[in-house]
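# Below is the structure, and that's it, no one-letter string:
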């Protein structure tokens, strides 16, 4: 691949897409912050991949590893639109920065126009990130069990908490749609912060 | 963006000039920035002292001493008299002739020159650079002082008076720390950055000692909460990003990993790195945003906060402190997607400092 074609974020995102597809992931139907991928199941591990500009000549990959629930995200997006907030800056209710996973803690720094070895290192990191994500819950039952056990993959649930309003919304959705009540396990971990959501709309019963 | 393009064009048009030298345009430094312009009369330059001090402050990120300024004056006099060797000697004696980190230093100098030509006052730039009271931020910081509990409007936790034991400031990598102490001759903490870079290549593997200070810094409220103006904020943005880039370049991937390990070793969760927050004083690039579960640092309830990394005693300048004070009190606008927060919303969190010492060991 020529240097010019590599000298853009498109090159990195193409690598991410290829790594995602190779691991069986595909783009999420609901938009999330960054380029997001999930498995084709109702509840799925997800990765939001992004490349940080570290120095003037180097970038490094990073990712949010999370649990994507398409039906919930669709409902959440509908509510967001009613409040005028864009769904493009959303994260799933449970997610963790890849940095916190020991095997992903050291990420490659790649030059903007990377030689092959830099690109290979990035691909290797992405592959490991997608493989790690597969440990996350992929069904309602496994998600409920993980929360009950206070363990999502290698971390306590608290490490995976997203925005408190969205987590509350998801816990309410689980109760309404699947008759699973995890509020006793999760709600005590949440703060009362609501910014920037309209709680009446986002957590309302309609 | 326009300024950035101009900078790139300037870089492309020639090399970074360090040391300072006399040229046809006058006394120049960095990417051809003219510190003192040449007059019509041959070998005469005009010294606008406030402007010169602002430019030198931007280039070196420290105040210019009277002795340094006196040597520059003598250098211009010698040069006007045709004594180029003596002029060069006085430039060297000024201690201001070399840029420690040529590209970022030259870029700051370029931006400062641009703003001065746009009509900004030198004193405003000096203030924006945090050079009016050098090193006062850490002098005011007393790590033994109990932390003030969070305000009633906050959902965050409170530190107990016993926080010291939980915030053990020992190194996350005790072996590295011991080696660093035993080999003080290897320490390069006080070395110029250029020497550090050379040393990194010459001496072998770098080791990192990460110390997170045993309390959250609650910066002193500043009278400079009034915005300096949009253009000064823009300059502060450029400096902030350049500082961040310089820091990460110095840390490298291994240093980044060391800081992450230090956070993980304390049972904290990294929510994000390089977090962009917009304040009324300009952009702030926070190095880390962490979540601290209840009890992990003497906090009664869970707590989120920023960590500002300082490498080898790097400066925590007053502008950064004031921005952090704003973010910790009235809040700033989060520009980066972060777990637990929504980009574009207001974020009100405090900042702690982390010192990272890099030493180099013979292999």
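That came in fine, so what should we check first? Because the structure is predicted, anything quoted here is derived from the model rather than measured. Residues are numbered from 1 along each chain as shown, chains lettered A, B, ... in the order given.
# any idea where the strands of chain A begin and end?
Per DSSP state E, chain A has strands spanning A:26-27, A:35-38, A:43-53, A:58-69, A:94-97, A:110-111. These are given in chain order.
# Reformat those as a markdown table; add mean neighbour count, mean pLDDT and distance to chain B.
C-beta here means a position set from N, CA and C on the backbone, and glycine is covered the same way. A markdown table is the format used below for the strands of chain A (neighbours: other Cβ atoms under 10 Å in any protein chain shown; pLDDT from 0 to 100; distance: least, Cβ to the nearest Cβ, whole Å):
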| stretch | mean neighbour count | mean pLDDT | distance to chain B |
| --- | --- | --- | --- |
| strand A:26-27 | 13 | 95 | 17 |
| strand A:35-38 | 25 | 95 | 11 |
| strand A:43-53 | 23 | 95 | 6 |
| strand A:58-69 | 25 | 95 | 6 |
| strand A:94-97 | 26 | 98 | 5 |
| strand A:110-111 | 20 | 90 | 10 |
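# now for those strands, which one comes closest to residue A:14?
strand A:35-38 (10.3 Å; Cβ to Cβ).
# which outside residues touch that closest one?
Contact with strand A:35-38 is made by A:13, A:16-17, A:20, A:25-28, A:44-50, A:68, A:70, A:130, as judged by Cβ atoms under 8 Å, 6 or more residues apart in numbering or on different chains.
# rewinding a little: want to try JSON lines for the strands of chain A, with distance to residue B:284 as columns?
Shown next, in JSON lines, are the strands of chain A (distance: least, Cβ to Cβ, whole Å):
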{"stretch": "strand A:26-27", "distance to residue B:284": "33"}
{"stretch": "strand A:35-38", "distance to residue B:284": "26"}
{"stretch": "strand A:43-53", "distance to residue B:284": "16"}
{"stretch": "strand A:58-69", "distance to residue B:284": "20"}
{"stretch": "strand A:94-97", "distance to residue B:284": "19"}
{"stretch": "strand A:110-111", "distance to residue B:284": "26"}
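# Quick check: which of the ones you listed is nearest to residue B:81?
Smallest distance to residue B:81 across the strands of chain A (Cβ to Cβ): 47.8 Å, for strand A:58-69.
# Adjacent strands (with direction) for the closest one?
strand A:43-53 (antiparallel), strand A:94-97 (antiparallel), strand A:110-111 (antiparallel) (DSSP bridges).
# touching chain A at all, whichever strand or helix holds residue B:248?
Residue B:248 is part of helix B:230-265 when elements are defined by DSSP states H and E. Yes: Helix B:230-265 reaches chain A (Cβ under 8 Å from any Cβ of the partner chain) through B:245, B:248, B:249, B:252, B:253, B:254, B:256, B:257, B:260, B:261, B:264.
# ok, residue A:40 - how many residues close by?
Residues near residue A:40, counting by other Cβ atoms under 10 Å in any protein chain shown, number 10.
# Just the pLDDT at it, thanks.
For residue A:40, the model assigns a pLDDT of 92.
# Tell me the buried residues in stretch A:112-120?
A:112, A:114, A:118, A:119 (16 or more other Cβ atoms under 10 Å in any protein chain shown).
# what separates that stretch from the chain centre, distance-wise?
Relative to its chain's centre, stretch A:112-120 lies at 26 Å (Cα atoms, centre = their mean, to the nearest Å).
# Just checking that stretch against chain B, any contact.
No: judged by Cβ under 8 Å from any Cβ, stretch A:112-120 stays clear of chain B, getting no closer than 11.5 Å.
# Got the phi and psi for residue B:67?
The phi/psi pair for residue B:67 (degrees, to the nearest 10) reads phi -70, psi -40.
# show me what contacts residue A:73?
A:28, A:29, A:30, A:32, A:90, A:92.
# Which members of the residues you listed are classed as buried?
A:28, A:30, A:32, A:90, A:92.
# Make a markdown table from those and add pLDDT to it.
Formatted as a markdown table, the buried ones among the contacts of residue A:73 follow (pLDDT from 0 to 100):
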| residue | pLDDT |
| --- | --- |
| A:28 | 94 |
| A:30 | 89 |
| A:32 | 91 |
| A:90 | 93 |
| A:92 | 97 |
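# Of those residues, which are in range of chain B?
residue A:90.
# Scan chain A for its longest helix.
helix A:116-133 (DSSP state H).
# Do a quick rundown of the helices in the chain.
Picked chain A for this. A:3-6, A:9-22, A:70-83, A:116-133, A:140-148, A:164-178, A:183-186, A:199-202.
# That was the other one, I meant chain B.
B:2-13, B:49-60, B:66-80, B:84-93, B:102-117, B:122-128, B:136-140, B:163-166, B:174-182, B:193-203, B:230-265, B:318-329.
# Can you check what angle separates the second one from helix B:102-117?
Relative orientation of helix B:49-60 and helix B:102-117, computed by axes from the mean of the first three to the mean of the last three Cα atoms, to 10 degrees: 150 degrees.
# Contacts for helix B:49-60, please.
B:29-30, B:33, B:35-36, B:63-64, B:68-69, B:72, B:96, B:99-100, B:105-106, B:108-109, B:111-113, B:116, B:121-123, B:125-126, B:129, B:131.
# which of those are buried?
Going by neighbour count (16+ other Cβ under 10 Å), the contacts of helix B:49-60 have B:29-30, B:33, B:35-36, B:63-64, B:68-69, B:72, B:96, B:99-100, B:105-106, B:108-109, B:111-113, B:116, B:122, B:125-126, B:129, B:131 buried.
# What separation is there between residue B:334 and chain A?
For residue B:334, the distance to chain A equals 10 Å [Cβ to the nearest Cβ, to the nearest Å].
# residues in contact with the residue lying closest to that residue once chain neighbours are set aside?
Nearest residue to residue B:334, sequence neighbours excluded (Cβ to Cβ, 6 or more residues apart in numbering or on different chains): residue B:347, at 4.3 Å. If you count contacts by Cβ under 8 Å, 6+ apart, residue B:347 has them with B:277, B:327, B:331, B:332, B:333, B:334, B:341.
# What residues does the closest residue to residue A:93 other than its chain neighbours make contact with?
Nearest residue to residue A:93, sequence neighbours excluded (Cβ to Cβ, 6+ apart): residue A:170, at 3.9 Å. Residue A:170 makes contact with A:69, A:72, A:93, A:94, according to Cβ under 8 Å, 6+ apart.
# Quick check: the gap between residue A:170 and residue A:176.
Using Cβ to Cβ, to the nearest Å, residue A:170 is found at 11 Å from residue A:176.
# Contact partners for residue A:195?
Residue A:195 neighbours (Cβ under 8 Å, 6+ apart): B:342, B:345, B:346.
# Restricted to strands, list those residues.
Per DSSP E, the contacts of residue A:195 map to strands at residue B:346.
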